[in-house]
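> A predicted structure for the sequence below; I have some questions about it.
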Amino acid sequence: MTAIPAHDITGVILAGGAGRRMDGRDKGLLPFGGRALVEWVIDALAPQVGALMISANRNLDAYGRYGIPVIRDTEPGFQGPLAGILSAMQRAQTPWILTLPCDVPFAPRNLAHRLGSEIIRQRADLAVATDGARRHNLHALLPRALAPDLVGFLARGERKVELWQRGHRIAQADFSDCPDGFLNLNTLAEAQGAEARIGNQPPLRPDITRRS
């Protein structure tokens, strides 16, 4: 086996943040290029995985209209992305989850394949993507078997994604050939600047919205 099969992976869109740098707005639902940001991520992830989930803590009905399971953090108060990752691990029915933030409209279309290939090649526990200059810890392929370890990490009051990942064998996959894949929109100004570079895209395909 040279890569982890798509049917063994659940894609998890991380949309559970408080949007503090977006004036409290829910980033996944912000319009971008004629559709919500989360739709861009669904479009990128759906062909790569066997199932999808959206990790969200508000506007659940709005996210639910995509026909994809929406899961909330088990702990209240916007505890950070690891809380959403843990909830996804506990709910997923596949051995692996592939995480992506909800604000990366140009996510690589071969993210799962390349991360999975590096896990196998490097005999690692998990894989994260790098753009050649820095790691992107939420562009990650993670085994669901690490859920108990993550429970303990969070119980100690820890919240940093990289710190948790460093406790395991990490494979890094080099995506320096597609730097736009890591363009994330943290502020309204960033979103407006990125939107100016593109034309409107067609609506999300109906067959993608039905996947779960």
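That came in fine, so what should we check first? If you're wondering where the values come from, they're calculated on a predicted model, not measured in any experiment.
> before we move on, what's the pLDDT of the residue most central in space within the chain?
Centroid-nearest residue in the chain: Leu100, 1.4 Å away (criterion: CA atoms, centre = their mean). As predicted, Leu100 sits at a pLDDT of 96.
> hang on, isn't it packed against Asn137?
No: using CB atoms under 8 Å as the test, Leu100 is too far from Asn137 to be in contact (11.5 Å). The way it works is simple: take the backbone N, C-alpha and C, and place the C-beta from them, glycine included.
> pull out the buried residues from stretch 142-156.
Neighbour counts over stretch 142-156 (16 or more other CB atoms under 10 Å) mark Leu142, Pro143, Arg144, Leu146, Ala147, Leu150, Phe153, Leu154 as buried.
> please read the previous query as pertaining to stretch 59-78.
So stretch 59-78, judged by 16+ other CB under 10 Å, has buried residues Tyr63, Tyr66, Ile68, Pro69, Val70, Ile71, Asp73, Phe78.
> in strands, which of the residues you listed fall?
Val70, Ile71 (DSSP state E).
> using a markdown table, lay out the buried residues of stretch 59-78 together with distance to Val104.
Below are the buried residues of stretch 59-78 laid out as a markdown table (distance: CB to CB, whole Å):
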| residue | distance to Val104 |
| --- | --- |
| Tyr63 | 16 |
| Tyr66 | 17 |
| Ile68 | 17 |
| Pro69 | 20 |
| Val70 | 19 |
| Ile71 | 19 |
| Asp73 | 20 |
| Phe78 | 19 |
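> need the longest strand for the chain.
Per DSSP E, the chain has its longest strand at strand 135-143.
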